[in-house]
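Trainee: Sequence first, then the predicted structure, then my questions.
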Amino acid sequence: MAETKKLLRELAGEVQEIPPIWMMRQAGRYLPEYRATRAQAGDFLSLCYNPELAAEVTLQPIRRYGFDAAILFADILLVPQALGADLWFVTGEGPRLSTITQQSDFDVLKPVEDIHETLSPVYETVRILSKELPAETTLIGFAGAPWTVATYMIAGRGTPDQGPAHALREENNVLFEALLERITLATIEYLSAQIEAGAEVVKIFDSWAGSLKGDAFQKYAVEPCRVITQAIKARHPGIPVIGFPREAGEGYVGFAKATGVDCVALDNSVAPDWAAAHVQVDGCVQGNLASSHMVTGGQALVDETRRIVEAFSKGPHIFNLGHGITPDADPENVQLMIDTVRGR
Ligand code: CP3
């Protein structure tokens, strides 16, 4: 039977007149219904580990907007937690974790085969979603890329320049690489389990890839993404992989070929015309409207949305933001973006 889901068709290389659309962080604090369900769950992590409520918030933006894809509601930092790191969220600030600065911090981490004990509620969320999503909606699973996850595990928090992770990489490269290896293997198992539960596409978020330069980008952004993609493709032939080496700049060029991903997600620092000529030549791209337009709206939103759709119209393209939508966004601007993409 011919594929009918718009997102899967585009990922297979088809150029549809209207590109499929979804949005990073589409289930999130800008939506009143999300805030209500999060309050019901108690806190963010309780929401992530509550399959019924996590499925509910995943479905909310699908009901409201009819996006072509739903992304599993979870977080990239659940993998460190499953490996034994302490994890908590400070309201208004962000994540906090126990740190990894020396060999003894690494030695107490759990083996990869133990992660499912913590992560099994996430697989249950995927199972619920694959039953409840509309037939035309694609279900995307995800994980953080090893480098990005390691930056949080090393520093114990988000950092502006990933300084602590770069320092460990230089000062104790053996430990740094052992950590990356553990995360890489855990990520393969985690994504495989999501696929077995019903995820139809997986996305690898390397939010901090931009701070890796030259050889370090090849070794710690490209290579882990290649290893994960190859393992997923060997175990689950036909499952598309989206890679997101955020802020990679020139590093986007050749990324799909070097890693084997089916689609490269672009942040909004790259110009659509440039990316069409240098990245989309190798296959599907996703992106890349600045998420600030979801706050400011108006004619600028419409013009920029049209410019992006036009720039990528000659090859496969999934419309998305360049990064996650922010809590101060106006839900009506999301509708305006969708209507513009769909030509209404
Ligand atoms: O996109 C989606 O709707 C799916 C769910 C999703 C979340 N986080 C939910 C979330 C996904 C795919 C992520 C990925 C994620 N998480 C990344 C990579 C993408 C990116 O944004 O660069 C990173 C770096 C994280 C780690 C993380 N989680 C941080 C730094 C924070 C705090 C910052 C913030 O926005 O508050 C989170 C919390 C988080 N993850 C929220 C959501 C909806 C907000 C939590 C809340 O409800 O209070």
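Mentor: Okay, I see it. Numbering: from 1, shown residues only.
Trainee: give the contact list for whichever residue of the stretch 101-250 of the chain sits closest to the ligand.
Mentor: Scanning the stretch 101-250 of the chain for the residue nearest the ligand gives Ser207, at 3.2 Å (criterion: C-beta to the nearest ligand atom). (Glycine included, C-beta is placed from N, CA and C.) For Ser207, the contact set (C-beta atoms under 8 Å, 6 or more residues apart in numbering) comprises 76, 144-145, 148, 244, 246.
Trainee: Check the residues you listed against Glu124 and report the nearest one.
Mentor: Proximity of these to Glu124 (C-beta to C-beta) peaks at Ile76, which lies at 18.8 Å.
Trainee: Am I right that that closest one falls within a helix?
Mentor: No. Under DSSP: H, G, I helix; E, B strand; the rest coil, Ile76 sits outside any helix and is assigned coil.
Trainee: and the closest residue to it other than its chain neighbours, how many residues sit next to it?
Mentor: Once flanking residues are discounted, Ile76 sits nearest to Gly144: 3.0 Å by C-beta to C-beta, 6 or more residues apart in numbering. If you count neighbours by other C-beta atoms under 10 Å, Gly144 ends up with 25.
Trainee: what are the phi and psi angles of Gly144?
Mentor: Phi and psi for Gly144, reported as degrees, to the nearest 10, are phi -80, psi 150.
Trainee: from the contacts of Ser207, which are also near the ligand?
Mentor: 76, 144 (C-beta under 6 Å from any ligand atom).
Trainee: mind putting the contacts of Ser207 in JSON lines, distance to Glu117 and pLDDT included?
Mentor: JSON lines is the format used below for those (distance: C-beta to C-beta, whole Å; pLDDT from 0 to 100):
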{"residue": "Ile76", "distance to Glu117": "19", "pLDDT": "98"}
{"residue": "Gly144", "distance to Glu117": "19", "pLDDT": "98"}
{"residue": "Ala145", "distance to Glu117": "23", "pLDDT": "98"}
{"residue": "Thr148", "distance to Glu117": "23", "pLDDT": "98"}
{"residue": "Phe244", "distance to Glu117": "28", "pLDDT": "98"}
{"residue": "Arg246", "distance to Glu117": "30", "pLDDT": "98"}
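Trainee: ok, the contacts of Ser207 vs Asp215, which is closest?
Mentor: Using C-beta to C-beta, these come closest to Asp215 at Ala145, 17.1 Å.
Trainee: and that closest one, what is it in contact with?
Mentor: Residues in contact with Ala145 (C-beta under 8 Å, 6+ apart) are 187, 204-207, 209, 221, 224-225, 228, 244-245.
Trainee: Which residue lies nearest the spatial centre of the protein?
Mentor: Central residue of the chain (C-alpha atoms, centre = their mean): Phe205, 4.1 Å from the mean position.
Trainee: ok so Gly134 is a helix residue?
Mentor: Quick fix: residue 134 is Pro, not Gly. No. Pro134 is assigned coil when assessed by three-state DSSP, not a helix.
Trainee: Quick check: it touching Ile62?
Mentor: Yes. In this structure Pro134 lies within contact range of Ile62 using C-beta atoms under 8 Å: 6.9 Å.
Trainee: Between the two, tell me which one has more neighbours.
Mentor: Neighbour tally, Pro134 and Ile62, criterion other C-beta under 10 Å: the higher count belongs to Ile62, 20 against 11.
Trainee: does that one belong to a helix or a strand, and which?
Mentor: helix 51-65 (DSSP states H and E).
Trainee: The nearest residue to Ala329 once chain neighbours are set aside: neighbouring residues, count only.
Mentor: Once flanking residues are discounted, Ala329 sits nearest to Met294: 3.7 Å by C-beta to C-beta, 6+ apart. For Met294, the neighbour count with other C-beta under 10 Å is 25.
Trainee: and Met294, what element?
Mentor: helix 293-296.
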